[in-house]
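Q: sequence first, predicted coordinates after that:
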Amino acid sequence: MKRKAQGAIEYLFMIAAALIIILIVVRQLQGRGSTAKSTINTTEGEINKTLENMKGS
C-alpha cells in the first residue's frame, strides 16, 4: 500500500512542477508580448510622421 501512495504523491508533485513551469513560461511570454506591442506602436508612429513629412515636402 505504501508503494502505491508514494507513487501517487510523486505523480502529483510532477504535475504540480509542470504547472508551475507552464505558468512561468506564460507570464514571460505575456511580458514580452506587451513590450513588442509597445515597440511596434512607437515605430508605427515614427513611420507615419516620416511619411507625412515626405508628403508635405
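A: Alright, I've got the coordinates. Numbering: from 1, shown residues only.

Q: what residue lies at the spatial centre of the protein?
A: Central residue of the chain (C-alpha atoms, centre = their mean): L29, 1.0 Å from the mean position.

Q: which stretch of helix or strand covers that one?
A: helix 2-56 (DSSP states H and E).

Q: off-centre distance for that helix?
A: Centroid displacement of helix 2-56 relative to its chain, using C-alpha atoms, centre = their mean, to the nearest Å, is 0 Å.

Q: how near is T50 to T42?
A: As judged by C-beta to C-beta, to the nearest Å, T50 and T42 stand 13 Å apart. All C-beta atoms are positioned from the backbone trio N, CA, C, and that covers glycine.

Q: could you list the low-confidence segments of this protein?
A: Residue ranges of the chain with pLDDT under 70: 1-2, 57.

Q: so what's K55 up against?
A: Shown in contact with K55 (C-beta atoms under 8 Å, 6 or more residues apart in numbering): no residues.

Q: brain fart, S34
A: Applying C-beta under 8 Å, 6+ apart, no residues contact S34.

Q: number of nearby residues for E44?
A: 10 (other C-beta atoms under 10 Å).

Q: what's the answer for I40, then?
A: 10.

Q: next one: it relative to V25, how far apart?
A: Taking C-beta to C-beta, one finds I40 at 22 Å from V25.

Q: then Y11?
A: 21 Å.
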